[in-house]
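Participant: Next comes the sequence, and after it the predicted model I'd like to discuss.
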Amino acid sequence: MNNKFIIISAPSGSGKSTIASFLLKNINTLSFSVSTTTRAKRKNEKDGIDYYFINKIKFNNHLKKGDFVEWEEVYEGDYKGTLKSEIDRLLNKNKNIIFDVDVKGGLNLKKYFGDNSLSVFLDVPNLLTLKDRLQKRGSETEKSINERIEKSKQEILLKDEFDVVILNDKIDQTKKEILSVINNFILT
């Protein structure tokens, strides 16, 4: 098997986790790359499933050892990254790998994996829709929502650097479109 790498990126609240979960349920050759983060776990998240939740000291130790394929400080004091060991774990299962990462992380993964990867940017109709989705999530303060909206403005400017841009306006249509795009990429 020639492993393929599917990179799903979008501003926070754009639906990338929903889309990644949908793809995992509908394409049996995909496995999810679990990112590492220093942020606090949300109430429905599970360590080792949604993220590897570690403290900043452990994160910095991984940085010093060069253990990350990509990493960044996503928000002040909130670090995220993709460990090389996570990629190795999935490659040993002979699976195609799907990543659900922020925009800069997605661009860095695209550079790392090159032509064996497909980078997809999930766009939103507008920032009001994005703000509404973040508020409905129920896990964000008004301050963090505003920080995410400000960051989203910058991330949206980078969308043309991705291989494919898909507007996530109507979820059923988005699912059909992305399933077709990913299946075509995996089969080529």
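Facilitator: All right, it came through fine. Residues are numbered from 1 along each chain as shown.

Participant: in what helix or strand does residue 43 lie?
Facilitator: Assigned by DSSP states H and E, residue 43 falls within no helix or strand.

Participant: Kindly report the same for residue 20.
Facilitator: Going by DSSP H and E, residue 20 is part of helix 16-26.

Participant: Pull up the pairing partners for the helix or strand just after that helix, direction included.
Facilitator: Counting by DSSP H and E, the element after helix 16-26 in chain order, helix or strand, is strand 30-32. Next to strand 30-32 in the sheet, as set by DSSP bridges, lie strand 96-101 (parallel).

Participant: Quick one: mean pLDDT over the partner strand.
Facilitator: For strand 96-101, the mean per-residue pLDDT is 96.

Participant: Over to stretch 156-163?
Facilitator: Here the average pLDDT along stretch 156-163 is 96.

Participant: Make 312 the first number, not 1, from now on.
Facilitator: With the count now opening at 312, the last piece we talked about shows up as stretch 467-474.

Participant: Mind listing residues that contact the helix or strand of the chain with the lowest mean pLDDT?
Facilitator: Every helix and strand in the chain was compared by mean pLDDT, DSSP states H and E; the lowest is helix 438-448, with a mean of 79. Helix 438-448 has contacts (C-beta atoms under 8 Å, 6 or more residues apart in numbering) with 322-326, 435, 451, 456, 459-460, 463-464, 480. For every residue, glycine as well, the C-beta is placed using N, CA and C.

Participant: and what of stretch 469-476?
Facilitator: Contacts for stretch 469-476 (C-beta under 8 Å, 6+ apart): 320, 414, 415, 417, 418, 421, 429, 430, 431, 432, 434, 492.

Participant: Can I get that stretch as CSV, trimmed to CA atoms?
Facilitator: What follows is stretch 469-476 as a C-alpha-only set of coordinates in CSV (Å, rounded to 0.1, in the frame of the first residue of the first chain):
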residue,chain,number,x,y,z
LEU,A,469,-4.4,31.1,3.6
LYS,A,470,-7.1,28.9,2.1
ASP,A,471,-5.8,29.2,-1.5
GLU,A,472,-2.6,27.4,-0.3
PHE,A,473,-4.5,24.2,0.1
ASP,A,474,-5.1,21.6,-2.6
VAL,A,475,-8.9,21.8,-2.2
VAL,A,476,-11.3,24.3,-0.7
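
Participant: That's all I had, so thanks and see you.
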